[in-house]
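Participant: no FASTA, just this:
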Ligand SMILES: NC(=O)c1ccc[n+]([C@@H]2O[C@H](COP(=O)([O-])OP(=O)(O)OC[C@H]3O[C@@H](n4cnc5c(N)ncnc54)[C@H](OP(=O)(O)O)[C@@H]3O)[C@@H](O)[C@H]2O)c1
């Protein structure tokens, strides 16, 4: 009998691209982009024989944190991060499919310096509210993994790429000094997701980021400048309040670091940030 299939949604996002690599050569894995499955219109989803699927990995999300605060953005964020996730949850529950969903540090207000999986939701902005609601829905699917992550870096627009480009062009940026967290390279995020499924780890929520001391965005930027052969002093630190003064921006949690002991206890060890950062920058 052919092995059951795994459907990856959001296959062209940062995580989606890494999942393509993590599952390279695995013929039972199907990758769907927005052109194949528009999550915002569940009624238009292609009909599938769900009995042939063992898992759905939802790597798609509305991730425009600041635009989510606008009238249209609020609707779009809820459509993708909550209504579509509810439709996926119904499918998964009805057909005994494992639903893998990706959550965010933005479900918390960031007052706790280290987030454990069971910390109650306390989102500050619309994006965080929709991610929290999505998590709540997925948590009642009998077979689910919620993988909660932070500060994602992969193949796409992200902070590391932006800073590396500024360093190359000799620009001296002001970078937020009072938000502290850990980067998550999509290579490890995708590997962690595959690990949970392959190992048949107990269902539930798992934190996942790379390892190392939590750092501010400014400290990470300074390291990127150093690795690019520039002076760390070219990066000025600024408070979140000053950085966003006069701008339409979502509120951000000040602490985004996760306790990683639960996923580590399943036998998965994410790589240190420094190692991944150097490799990402080709150093
Ligand atoms: N990025 C971060 O720093 C961060 C931090 C914590 C948690 N997360 C979570 O990590 C997960 C992966 O994030 P990421 O960084 O890989 O995000 P990403 O690069 O923005 O990718 C999101 C993907 O979702 C797709 N998508 C958006 N709306 C869709 C729709 N209506 N129908 C189908 N696909 C749709 C996008 O398609 P298009 O390319 O066509 O727009 C994109 O390919 C998300 O759940 C996110 O909430 C991210």
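Facilitator: That came in fine, so what should we check first? Given the structure is predicted, the values throughout are model-derived calculations rather than measurements.

Participant: Quick one: residues contacting the residue of the chain found nearest the ligand.
Facilitator: Using CB to the nearest ligand atom, the single residue of the chain nearest to the ligand is residue 13, 2.1 Å away. Where you see a C-beta, it was placed from the backbone N, CA and C, and this is true even at glycine. Contacts were defined as CB atoms under 8 Å, 6 or more residues apart in numbering; by that measure residue 13 touches 59-61, 63, 156.

Participant: make it 10 Å
Facilitator: By CB atoms under 10 Å, 6 or more residues apart in numbering, the contact list for residue 13 reads 19, 33-34, 59-61, 63, 102, 152, 154-156, 186.

Participant: before we move on, what about residue 37?
Facilitator: Residues in contact with residue 37 (CB under 10 Å, 6+ apart) are 7, 9-11, 44-46, 48, 60, 84, 88.

Participant: The stretch 51-200 of the chain: helices as residue ranges?
Facilitator: Using DSSP state H, counting those that start in this stretch, the helices found in the stretch 51-200 of the chain span residues 71-78, 84-95, 126-138, 159-168, 186-199.

Participant: and the protein, which residues reach the ligand?
Facilitator: 10, 12-16, 34, 37-40, 59-63, 80, 102, 104-105, 131, 149-152, 156 (CB under 6 Å from any ligand atom).

Participant: How much space separates the closest residue to residue 150 other than its chain neighbours from residue 184?
Facilitator: Nearest residue to residue 150, sequence neighbours excluded (CB to CB, 6 or more residues apart in numbering): residue 105, at 4.0 Å. Distance of residue 105 to residue 184, computed by CB to CB, to the nearest Å: 10 Å.

Participant: looking at the helices of the stretch 51-200 of the chain, which is buried most?
Facilitator: helix 126-138 (a mean of 23; mean count of other CB atoms under 10 Å).

Participant: helices and strands of this structure: which one bottoms out on pLDDT?
Facilitator: In the chain, the helix or strand scored least confidently by mean pLDDT, DSSP states H and E is helix 240-244, which has a mean of 93.

Participant: which helices and strands does the helix or strand following that helix pack with?
Facilitator: Counting by DSSP states H and E, the element after helix 240-244 in chain order, helix or strand, is helix 261-264. The contact analysis (3 or more CB pairs under 10 Å, 6 or more residues apart in numbering; DSSP states H and E) places helix 261-264 against helix 186-199, strand 204-207.

Participant: would you list those in TSV and tack on mean pLDDT?
Facilitator: Formatted as TSV, the helices and strands packed on helix 261-264 follow (pLDDT from 0 to 100):
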stretch	mean pLDDT
helix 186-199	98
strand 204-207	98
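
Participant: Turn these into TSV, columns for distance to residue 259.
Facilitator: Formatted as TSV, the helices and strands packed on helix 261-264 follow (distance: least, CB to CB, whole Å):
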stretch	distance to residue 259
helix 186-199	15
strand 204-207	6
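
Participant: Any idea which of the ones you listed gets closest to residue 278?
Facilitator: helix 186-199 (13.1 Å; CB to CB).

Participant: quick one: the closest one to chain centroid distance?
Facilitator: Centre-to-centre, helix 186-199 and its host chain are 13 Å apart (CA atoms, centre = their mean, to the nearest Å).
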